[in-house]
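Participant: Structural data only, the sequence is not supplied:
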């Protein structure tokens, strides 16, 4: 997947971390945003993305994505995960909009897993991230909680008027047993597509990406 992101990120404050996770309510407006991406390339938008850097320098990532037009994929909602931007899609049976959902990146033994949960509809997937190395999280770097689109829009496009907050909750870092740690990370916001500054903002205190 590409990374033309409107993002919120956190910096872990301890060592030896084996993953992180978050829950939220699937935001409204994602399908409309994906459908209105510029034509001529893949058209998609994420309803929430988690990304973490590894000690060896690569990154693992997972997202809930609406695919309006992605080469080789059917139209609809997807659970995606990958290493350095490359990985498989899983088609979702249920629309996650307005549902209680969650994503997890978790190291189990020597492999990294991406986990999708739709708690409302009890739709759950646990996928091994192909080729992800046997490394822990790089705690000198950041982890990212994001809203992504297939390309920078260049302006506050009309669909964002229907975009409802991605309000990340229960952001937790995991120990070697997969249990949440007690650490409190440092919050840092970053809006990559500065053309969106008039319609998208980041609330660091409440871990939220929202429409102005």
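Facilitator: Great, that's in hand. The structure displayed is predicted, hence computed values, not measured ones.
Participant: Return the distance of the residue nearest the centre of the chain relative to residue 200.
Facilitator: By CA atoms, centre = their mean, the chain has its centre lying nearest to residue 49, at 0.4 Å. Going from residue 49 to residue 200 by CB to CB, to the nearest Å gives 14 Å. All C-beta atoms are positioned from the backbone trio N, CA, C, and that covers glycine.
Participant: looking at the chain, which helix or strand does the model trust least?
Facilitator: Least confident element among the helices and strands of the chain, by mean pLDDT, DSSP states H and E: strand 4-11 (a mean of 68).
Participant: The next helix or strand after that strand - contacts with which helices or strands?
Facilitator: Downstream of strand 4-11, the next assigned helix or strand under DSSP states H and E is strand 19-25. Judged by 3 or more CB pairs under 8 Å, 6 or more residues apart in numbering; DSSP states H and E, strand 19-25 is in contact with strand 43-53, strand 100-108, strand 111-118, strand 166-167, strand 169-173.
Participant: Residue 91: how many residues sit nearby?
Facilitator: By the criterion of other CB atoms under 10 Å, residue 91 has 12 neighbours.
Participant: what residues are up against it?
Facilitator: Neighbouring residues of residue 91 by CB atoms under 8 Å, 6 or more residues apart in numbering: 74, 76-78.
Participant: re earlier: surely the residue nearest to the centre of the chain is in contact with residue 149?
Facilitator: No - here residue 49 lies out of contact with residue 149, judged by CB atoms under 8 Å, at a distance of 10.5 Å.
Participant: Let me see the contact set for the residue of the chain positioned farthest from its centre.
Facilitator: Distance to the chain centre peaks in the chain at residue 40, reaching 24.1 Å (criterion: CA atoms, centre = their mean). Applying CB under 8 Å, 6+ apart to residue 40 gives no contacts.
Participant: now it, what's its secondary structure?
Facilitator: Secondary structure assignment for residue 40 (DSSP: H, G, I helix; E, B strand; the rest coil): coil.
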